[in-house]
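**Student:** Pasting the sequence and the predicted model now:
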Amino acid sequence: MLFNKTRAVEYMRRCEVDLLIATSPVNITYFSDYSCWLDSLFKSYMMIPGASSDLDSTAAYAVFPLEGEPALVVQAMFAVNAADLWVRDLYLFGDPGLDNSMTGADLPDTKRRFLDLLHAPQQNPIDALLNLLKARGLTDARIGLEIEGLSPTSKAAIVSALPKATIKDCSNLIRLIRMVKTEDELSRLKRAAQISEDAAMESLALARPGQPIAKVSQHYRTRIAEGGADFDHFAFGVHGLGIATVANHILTEDDLLYVDFGCIYQSCFSDSGTTLTMREPSPALRDRHAAFRDCVAAGVGTLRPGVKASEVQAAMRETLDTNGISVSFPHGHGLGLEVRDYPIIVADNGKRIRDDCIDVPSNLPLEANMVINLESMICMPAIGSLHIEASFVVTADGSQPLVPQDRTRPVQPR
């Protein structure tokens, strides 16, 4: 499972909460593996003209209690989408839209249980959530509620319906739980990274002067789809002027460009990048590329449990400074169910990560089984752009590549 149950329990006991309720689509997926493509897209006004742009029309909740089984609140029409999840206790809401006027063959045992559930769904998601809490005796519990995933209307309705409960915002607490990956999430992240790397290297090898970069991007899209992944992004530099994703850029013999690419495999993101060149770079540009390679290597050399995020970034920054490169922002970030998870590898900004459950410095220490991306790039107008980005797993005594990603030289098609 994606959900780091052991880590969640440790934080819940430390923060004195009896249950956590995830409300945003990404965290519902994290808590339960449930996902529906509409959940992050379908806004209230799309069904009710004149309504808000909140996501209440497809609202769902995932509940993880300290005692007892986890549960999921989902829309009745999409409940069968939860048939094969590890979370088995379902509470439904809304009209399932079933026509019972005809009699069909018997359903498989794995699906038959949905008939009873579909016959008596609740009118709305908050009623279903309240019934769940009542059934578990948790209406007066200490509740960690992900406020960021709620509309103001839903938040007010939940708080009003639970006058005896102690409700704490746990939006940032969930982000801290997600930082350290389970074996399942690591496996998915590795697969996403490998699909992306194979597709990108094959696609970049097809690049030729006179052809649109869009042809390379399209090949990448095709190859990741064949690998079972969904497209996230394919970005590229344009004459050293910045980064684009849709510009109609035609490759030239002099092109030296940033490329950054990523896909999504079973809800987990990949994100990496390299430099594409149409001809052998000049000695000065090769030296600059080597400086960026050394910059990332310096960051990798610091990756180990206990090291603070700012220390990793400082090692990268020092390497570029030593090479006389100041107009660049070497940094890094976690990777998981979003293209950027905590920790964020930047200089200490003095801020704190806080909600009603936690209050910690934003300069987070690394922990084993975090997945960290390190990257550095530069744009040089009328010359081109350089980029290196790769992914690493923090281990008990250091780090290792998430998958093999060769960034020693720019990619130069033959």
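**Tutor:** Thanks, I have the structure now. Residues are numbered from 1 along each chain as shown.
**Student:** which residues touch N124?
**Tutor:** If a contact means CB atoms under 8 Å, 6 or more residues apart in numbering, then N124 has F93, G94 as its contacts. No exception for glycine: its C-beta is placed from N, CA and C like everyone else's.
**Student:** State the distance from H219 to S385.
**Tutor:** Spatial separation of H219 from S385 under the definition CB to CB, to the nearest Å is 21 Å.
**Student:** Over to I372?
**Tutor:** Relative to S385, I372 is positioned 23 Å away (criterion: CB to CB).
**Student:** again with D95
**Tutor:** Applying CB to CB, the value for D95 to S385 is 53 Å.
**Student:** same question, R414
**Tutor:** As for R414, its distance to S385 is 22 Å (criterion: CB to CB).
**Student:** More neighbours: these two, which one.
**Tutor:** Ranked by neighbour count (other CB atoms under 10 Å), R414 and S385 place S385 first, with 24 against 3.
**Student:** Go through the biggest helix by length in the chain and flag the buried ones.
**Tutor:** Looking across the chain with DSSP state H, the single longest helix is helix 183-204. Buried residues in helix 183-204, defined by neighbour count with 16 or more other CB atoms under 10 Å: 184-186, 188-197, 199-200, 203-204.
**Student:** Buried residues, the helix or strand just after it. List them.
**Tutor:** Later in the chain than helix 183-204, the nearest helix or strand by DSSP states H and E is helix 213-226. In terms of neighbour count (16+ other CB under 10 Å), helix 213-226 has its buried residues at I213, V216, S217, H219, Y220, R221, R223, I224.
**Student:** Save those residues as a markdown table, and put in distance to I126 too.
**Tutor:** Written out in a markdown table, the entries for the buried residues of helix 213-226 read as follows (distance: CB to CB, whole Å):
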| residue | distance to I126 |
| --- | --- |
| I213 | 48 |
| V216 | 48 |
| S217 | 43 |
| H219 | 47 |
| Y220 | 42 |
| R221 | 39 |
| R223 | 44 |
| I224 | 38 |
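**Student:** which one of those residues is nearest G149?
**Tutor:** Using CB to CB, I224 is the member of the buried residues of helix 213-226 that lies nearest G149, at 28.3 Å.
**Student:** Could you check the pLDDT of that closest one?
**Tutor:** According to the model's per-residue confidence, I224 sits at a pLDDT of 98.
**Student:** What is the neighbour count of the closest residue to it other than its chain neighbours?
**Tutor:** Leaving aside its sequence neighbours, I224 sits nearest to C263 (CB to CB, 6 or more residues apart in numbering; 4.3 Å). For C263, the number of neighbouring residues by other CB under 10 Å comes to 29.
**Student:** same thing with the one 3 residues further on?
**Tutor:** Q266 is surrounded by 19 other residues when neighbours are defined as other CB under 10 Å.
**Student:** How about E367?
**Tutor:** Counted by other CB under 10 Å, the residues lying close to E367 total 17.
**Student:** so K155 is in which element?
**Tutor:** When elements are assigned from DSSP H and E, K155 belongs to helix 152-161.
**Student:** what comes up buried for the next helix or strand along the chain from that helix?
**Tutor:** Next along the chain after helix 152-161, taking DSSP H and E as the criterion, comes strand 166-169. Of the residues in strand 166-169, those buried by neighbour count under the rule 16+ other CB under 10 Å are I167, K168, D169.
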